[in-house]
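[1] attaching a predicted model along with its sequence, questions to come.
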Amino acid sequence: MTTADEARTEEQVAEDGLWPCTELGGPEQRTSNRHCAIATVLCRIPETDYQKLKEAARSFTWFIPLYEEYGIVYPFAVTHGGEGSGTGRIGRAYARVLYLSPRLERSARDIVIAVVAHELAHIAVCEEYSHPDSAEGKTQEDIVFQRICEWGFRREAEKHRALNKRRAHSRAFG
C-alpha cells in the first residue's frame, strides 16, 4: 500500500533487489522496527538516490540479526575485490555490511528511521568509508546528515544527532 509520501511500494523495493532478503518475509519481519524503517526510507527517498542504491545493491549486504539471537555465524559475500596498487601491496577484498542492531527493536521509531536513512545515505553518497573521527569522516557525516534531511527525514535526523551528542558526552564525562 502506497501513501502520498511514498514514491514506491515495498513490493517494488523487493523487486529492485534492495529489500534485505529475497522476499518481504513473514509477519515477524514485516512488523519489526528495523524492517518498518527500511520500508519507510526506501519507499520515500527521491528517485535519484533510490537509483544509486539500486545500482549499489550488490555492493553491500544487510545484516539484521533477530533480537532473540545471542550469536550467529553468518556468511558475508565479498562485495569488493582488491587490486594491486603497483607498490607491491595487494589490496584486500572486503564485504560491505549494513548492520542494524537488534537494540533498535527497543528504540523509538523515528530513531530507527534515522539510523536506516543514515546508513543508506552513506551507501548512496560516499564512495569510501572514512572513520567518523577523521577530518574526512566528519565531512562525510555532514554530507550524510544533509542528504537525509533532503530526503525528508530532518526531524528524525536531528533527534538522532542530539541522541548521539548526549551519548558522546556521557562517555566522555560518564
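    Received, thanks.
[2] tell me which residues of stretch 139-150 are tucked away?
    Along stretch 139-150, these residues count as buried under the neighbour rule (16 or more other C-beta atoms under 10 Å): 140-141, 144-145, 147-149. Using the backbone N, CA and C atoms, a C-beta is placed for each residue, glycine as well.
[3] now the element after the helix or strand where I38 lies, going C-ward?
    In this assignment (DSSP states H and E), I38 forms part of helix 33-44. On the C-terminal side of helix 33-44, the closest following helix or strand by DSSP H and E is helix 47-56.
[4] so how many other residues sit close to the closest residue to K52 other than its chain neighbours?
    Leaving aside its sequence neighbours, K52 sits nearest to A124 (C-beta to C-beta, 6 or more residues apart in numbering; 4.6 Å). By the measure other C-beta atoms under 10 Å, the count of residues near A124 is 22.
[5] returning to that earlier point: any residues touching the helix holding I38, and which ones?
    Residues from elsewhere that reach helix 33-44, judged by C-beta atoms under 8 Å, 6 or more residues apart in numbering: 2, 5-10, 13, 18-20, 25, 29-30, 50, 53, 64, 100, 104-105, 107, 109, 112-113, 115-117, 120, 151-153.
[6] buried subset of those residues?
    Of the contacts of helix 33-44, these count as buried by 16+ other C-beta under 10 Å: 8, 10, 13, 18-20, 29, 50, 53, 64, 100, 104, 107, 112-113, 115-117, 120, 151, 153.
[7] the most centrally placed residue in the chain sits in which helix or strand?
    The geometric centre of the chain, computed from its C-alpha atoms, lies nearest to E119 (C-alpha atoms, centre = their mean), at 2.9 Å. Using DSSP H and E, the element containing E119 is helix 109-125.
[8] CA-only coordinates of that helix, as CSV, when you get a sec.
    Extracted as CSV, the C-alpha positions of helix 109-125 are listed here (Å, rounded to 0.1, in the frame of the first residue of the first chain):
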residue,chain,number,x,y,z
ARG,A,109,10.5,4.6,15.6
ASP,A,110,12.0,7.9,14.5
ILE,A,111,15.4,6.9,15.8
VAL,A,112,15.3,3.7,13.8
ILE,A,113,14.2,5.6,10.7
ALA,A,114,17.1,8.0,11.2
VAL,A,115,19.6,5.1,11.6
VAL,A,116,18.4,3.3,8.5
ALA,A,117,18.4,6.6,6.5
HIS,A,118,21.8,7.5,7.8
GLU,A,119,23.4,4.2,6.8
LEU,A,120,21.7,4.1,3.4
ALA,A,121,22.8,7.7,2.7
HIS,A,122,26.4,6.6,3.4
ILE,A,123,26.0,4.0,0.6
ALA,A,124,24.3,6.5,-1.8
VAL,A,125,26.7,9.4,-1.4
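[9] for the chain, which helix is longest?
    Ordering each helix of the chain by length in residues (DSSP state H) puts helix 154-173 first.
[10] perfect, I'm done here.
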